[in-house]
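**Student:** need coordinates for the following:
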Amino acid sequence: MKTIAVATDLTPNANRATHFAMQLAHAQQASLVLINAFHFWPSNPAEIGGDFPLSAKAMYADSQKHLTELARTLQAQFGTDVPIRCITREGYAIPSIRAVAEAEKADLLVMSTVGSAPQSAQLMGSVATEMIAETTVPLLLVPPHAAYGTIGNVVLGIDLNTPPDAITLDSTLHFARLFGCVINVLCVNDKPDDPLIRERAEHIRRLIGSVPHTLTIVTGDEVYDTLLTFAHTNKADLIMMLPQHHNWFWRLFTEGNTERTARLTDIPLLAIV
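**Tutor:** Sure thing, here's the model as predicted:
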């Protein structure tokens with residue numbers, strides 16, 4: 001892993017994720033890119049009160065100032081051996097963050113699951129959970145109180161009704177080797193004894209045979225509850241999920257399993273795309 005990008009809205013919760021990303025960059029001997037996106041809303045400051053910048057240029061300068069201060073804080077706490085770059089973009093958060101991550105050829109994008117409103121994020125999601133459907137870079141979502149530690153035990157959720165493609169699974173194995181972890185594959189299915197489901201499970205086992213792993217099939221259809229209970233029982237350091245691609249109309253009315261898990265999890269979650 002060469003480059004880790006971390007997006008922050010400069011709130012305390014988001015900045016905790018930058019601490020997590022910094023320690024991961026140190027462990028992986030990677031560089032770190034701090035990203036902040038802002039959207040300028042011209043308005044009368046008297047209408048909203050407070051100290052409001054009068055121009056996009058002023059907001060850009062303010063963002064760069066805070067990112068630079070954050071970079072200094074990270075290096076003071078964790079050392080200066082991780083190169084840090086600070087990038088500010090004007091625009092809506094999701095496309096701006098995605099564009100920077102792609103331009104920087106980031107191997108991983110890190111975000112906090114919540115920003116300034118954790119209760120709202122748990123109920124309705126956040127920019128980070130919306131990013132799952134939009135990112136082209138593997139996305140690591142960090143809950144507010146998750147502390148960085150060695151990633152040695154991972155739970156991987158796989159839907160046997162729609163098995164992952166070879167490229168996505170290869171990326172999963174790449175991260176497993178980087179972390180040096182054991183993968184505990186969990187498949188939640190309402191027909192676990194179906195011969196086709198069993199055949200697909202064995203095929204997954206053969207494909208991931210190069211890394212230490214276990215595979216468990218659990219009867220049911222409640223992916224979130226089963227997955228998180230399994231992760232806690234197995235003392236997982238990380239949850240991996242492979243988001244399914246859906247069109248915008250489907251996403252308008254339905255929340256995917258990865259998005260729901262990311263919204264409610266207290267364990268870091270890596271969405272591999």
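**Student:** for the helix or strand where Ser96 lies, name the packing helices and strands.
**Tutor:** According to DSSP states H and E, Ser96 maps onto helix 93-103. Applying 3 or more CB pairs under 8 Å, 6 or more residues apart in numbering; DSSP states H and E, one finds that helix 93-103 contacts strand 3-7, strand 31-38, strand 84-90, strand 108-112, helix 127-131. (Each C-beta comes from the backbone N, C-alpha and C, glycine too.)
**Student:** for it, output the C-alpha coordinates as PDB.
**Tutor:** Provided in PDB are the C-alpha atoms of helix 93-103 (Å, rounded to 0.1, in the frame of the first residue of the first chain):
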ATOM      1  CA  ALA A  93     -18.400  16.300  -0.700                       C
ATOM      2  CA  ILE A  94     -18.900  12.900  -2.400                       C
ATOM      3  CA  PRO A  95     -17.700  13.800  -6.000                       C
ATOM      4  CA  SER A  96     -14.900  16.000  -4.600                       C
ATOM      5  CA  ILE A  97     -13.500  13.300  -2.300                       C
ATOM      6  CA  ARG A  98     -13.800  10.700  -5.000                       C
ATOM      7  CA  ALA A  99     -12.000  12.800  -7.500                       C
ATOM      8  CA  VAL A 100      -9.100  13.500  -5.200                       C
ATOM      9  CA  ALA A 101      -8.800   9.800  -4.200                       C
ATOM     10  CA  GLU A 102      -8.700   8.800  -7.900                       C
ATOM     11  CA  ALA A 103      -6.300  11.600  -8.900                       C
END
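**Student:** give me every residue that touches the residue lying closest to Ala99 once chain neighbours are set aside.
**Tutor:** Of all residues not flanking Ala99 in the chain, Arg89 sits nearest, at 7.0 Å (CB to CB, 6 or more residues apart in numbering). By CB atoms under 8 Å, 6 or more residues apart in numbering, the contact list for Arg89 reads 35-38, 96-97, 99-100.
**Student:** what's the closest of those to Ile132?
**Tutor:** Ile97 (12.4 Å; CB to CB).
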